[in-house]
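*Asks:* sequence and predicted structure are below.
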Amino acid sequence: DAEIKFETRSITSLPENIRSKPIIKFNIISIDELDKETLLLDGVQDMKRRDVLYAIKHPKSTEQLEHERYLNDIHQLIYPQVKNRTLVVYTGLARFYRKRSPQTTTENNNNCCFCEKEDLLAGLHEFKIHLNAGHFSYAWQHIETNENGQGDFNEFLTLIFGNLNEIRFGQVRKV
């Protein structure tokens, strides 16, 4: 159920008996699903409609929203530092971390390359990316680590740069 309140004095088209009350309340007890989708998806591109409907039916938890906000903060800090050189920095960092990685394991056709925490920091410093200790710690806590306490640098790169869209992924693959 939802309740909607309107001030009646500003709506001149209402009948006099309703306008005599300062506020009118409507209780909405049900809504037609097709009408609801039409209202919510008006102006949304066809490709994004499924995502919007999924988000409405499966709202994110507070923890997920907080995680997304924090990652967005990290992305906003990093973007100006790597603007116009994102591809070079991304591939360079991957190469840097791969050289420093003592082992590469293959799990389910995914290459997992693990680096020490200090190596991840050194890579950021090498490519002139300044990330404060709090943001780095947050990223470190949210990546997979192995039994030696080393972190997966592919996950680290995804966390700090975000997911690559198809165009950027194609460019990285070419390089």
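*Replies:* On my side now, so go ahead.
*Asks:* domain parsing for this protein?
*Replies:* 2-57, 62-174 (automatic domain parsing).
*Asks:* rebuild those domains as a markdown table, extending it with mean neighbour count and mean pLDDT.
*Replies:* Glycine gets a C-beta too; all of them are placed from N, C-alpha and C. Shown next, in a markdown table, are those (neighbours: other CB atoms under 10 Å; pLDDT from 0 to 100):
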| stretch | mean neighbour count | mean pLDDT |
| --- | --- | --- |
| domain 2-57 | 10 | 82 |
| domain 62-174 | 14 | 83 |
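*Asks:* neighbouring contacts of stretch 76-84?
*Replies:* By CB atoms under 8 Å, 6 or more residues apart in numbering, the surrounding residues in contact with stretch 76-84 are V89, F127, K128, I129, H130, L131, N132, H135, I160, F161.
*Asks:* contacts only, for the spatially closest residue to R19 that is not a sequence neighbour.
*Replies:* The shortest distance from R19 to any non-neighbouring residue, by CB to CB, 6 or more residues apart in numbering, is to T8 (4.9 Å). By CB under 8 Å, 6+ apart, the contact list for T8 reads L14, I18, R19, S20, K21, P22, I23, I24.
*Asks:* next up, phi/psi of the closest residue to the fourth one other than its chain neighbours, please.
*Replies:* If you skip the residues right next to it in sequence, S20 has T8 as its closest partner in space, 7.9 Å away by CB to CB, 6+ apart. The phi/psi pair for T8 (degrees, to the nearest 10) reads phi -80, psi -20.
*Asks:* and if you look at C115?
*Replies:* phi -130, psi 160.
*Asks:* same check on the one 10 residues further on?
*Replies:* Phi and psi for H125, reported as degrees, to the nearest 10, are phi -60, psi -40.
*Asks:* can you tell me how far it is from F96?
*Replies:* Distance from H125 to F96, counting by CB to CB, to the nearest Å: 10 Å.
*Asks:* how about E126?
*Replies:* E126 is 6 Å from F96, by CB to CB.
*Asks:* also V52?
*Replies:* In terms of CB to CB, V52 sits 39 Å off from F96.
*Asks:* just how off-centre is the biggest helix by length in the chain within its chain?
*Replies:* In the chain, assigned by DSSP state H, the helix with the most residues is helix 62-82. On the basis of CA atoms, centre = their mean, to the nearest Å, helix 62-82 sits 7 Å off its chain's mean C-alpha point.
*Asks:* what's near enough to touch S101?
*Replies:* Taking CB under 8 Å, 6+ apart, one finds C113, F114, C115, D119, F153 in contact with S101.
*Asks:* would you agree the last one is in contact with E116?
*Replies:* Translated: F153. No: assessed by CB atoms under 8 Å, F153 is found out of contact with E116, at 10.0 Å.
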